[in-house]
Structure formats: structure tokens, C-alpha cells
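> build me a structure from this.
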Amino acid sequence: MRKSDKLAIQLAFDIFPIDETETRRRVEEYLETVRMYRQIGFVRRQAALTASPEPRYHGSTNTISRTTENIAVWNTDREAELERQSMLLDLAMGRLKKAGREIIQLRYMKHEDEYDSILCGELGMSERKYRRVKSRQFIYWLVHLD
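Below is the predicted model of the structure:
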């Protein structure tokens, strides 16, 4: 799609312009989070309580530290959020066309540090087509994952 076509669509439907750099960053961050969750699972936070031998001289503030409670709430909420993100990823992947799904799976879910030029050869597509399909998928993800 040409840049002028994008602008015409945005003006016709009163859509804000899409920042492609920020879109790519957010989608890659999302995919990385889900990949890490699927590979190693959820890493829980634990309270680290260490007694200090030095006395603490301060007045009574009458406040209660709820460190353990805050950590437990964070662990529960974060694990539920990661599970939800993983489920949304599966739903979104099911809606993609085969080429887009293969690109996302190979590039972001299986091979974390493999170059795009190598992957487009493995998929049997030109580098231009690979980049075009990949950029379309990022726009799709921005709309469907949040």
C-alpha cells in the first residue's frame, strides 16, 4: 500500500497515523515476553528479609510494611496476565495466513537470534516478500493483541 493510500484511509476514517517503529518495538516485546513465558515458565518474586545488626533510630510512623502481601499479589496478577497474553497469541496466530504465521513462529517463537535473511531462504521467499508479509503482520498484531 502506498503512503498516499494510507494517508487517504486515515483521513477518511479519522484514524491516527501509525508509528511503525513503535509498533514494531511493542509487538517484538510482546512476542519476546510470551516466548520467555512458554520456554521457562513464570518466575515468581520472593521476599528477601535480612536482619540488620545495626539499630534503626527513627520515630514511630505507624505504618505497616506489607512486602509479602505485595509480592503475593504481584505474582498472582503477573502470572494471570502472562497466561492471558499466551492465549491471545494463540488466537491471533490462528487467524494469520500461513506465510505470516510461519514467519512469526520461526523468527520470534523458535529462533530468537536468527537473521531475517536466513529465514527468508528457509521459507523459500524473496527478502522483499518476507519483509512485506512481516510488516503487515505487525500492523495486524497491534490491532488484535491489546
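
> and residue 132, how many neighbours?
14 (other Cβ atoms under 10 Å). Backbone N, C-alpha and C define where each C-beta goes, glycine included.

> oh sorry, the question was meant for residue 26
Neighbours of residue 26 (other Cβ under 10 Å): 16.

> use 40 as the first number for this chain going forward.
Taking 40 as the first residue, the last one we looked at is residue 65.

> ok, which stretches of this structure are helices?
All helices of the chain, identified by DSSP state H, fall at 42-51, 59-79, 106-134, 137-143, 155-162, 166-184.

> nearest to residue 87, of those?
When the helices of the chain are ranked by proximity to residue 87, the top entry is helix 106-134, at 8.9 Å, counting by Cβ to Cβ.

> between the closest one and helix 59-79, how many degrees?
Put simply, helix 106-134 runs at 110 degrees to helix 59-79, going by axes from the mean of the first three to the mean of the last three Cα atoms, to 10 degrees.

> and helix 106-134, what does it pack onto?
On a contact count with 3 or more Cβ pairs under 8 Å, 6 or more residues apart in numbering; DSSP states H and E, helix 106-134 meets helix 59-79, helix 166-184.

> now it: buried residues?
Buried positions in helix 106-134, judged by neighbour count with 16 or more other Cβ atoms under 10 Å: 121, 124, 127-128, 131.

> next: stretch 133-143.
Buried residues in stretch 133-143, counted by 16+ other Cβ under 10 Å: 135, 138-139, 141-143.

> cool, and stretch 73-93?
73-74, 76.

> for stretch 140-160, same thing?
141-143, 145-148, 158-159.

> export these to TSV and tack on distance to residue 109 and pLDDT?
Listed next are the buried residues of stretch 140-160 as TSV, based on distance: Cβ to Cβ, whole Å; pLDDT from 0 to 100:
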residue	distance to residue 109	pLDDT
141	42	84
142	40	80
143	35	82
145	39	81
146	37	80
147	32	79
148	32	81
158	42	80
159	46	80
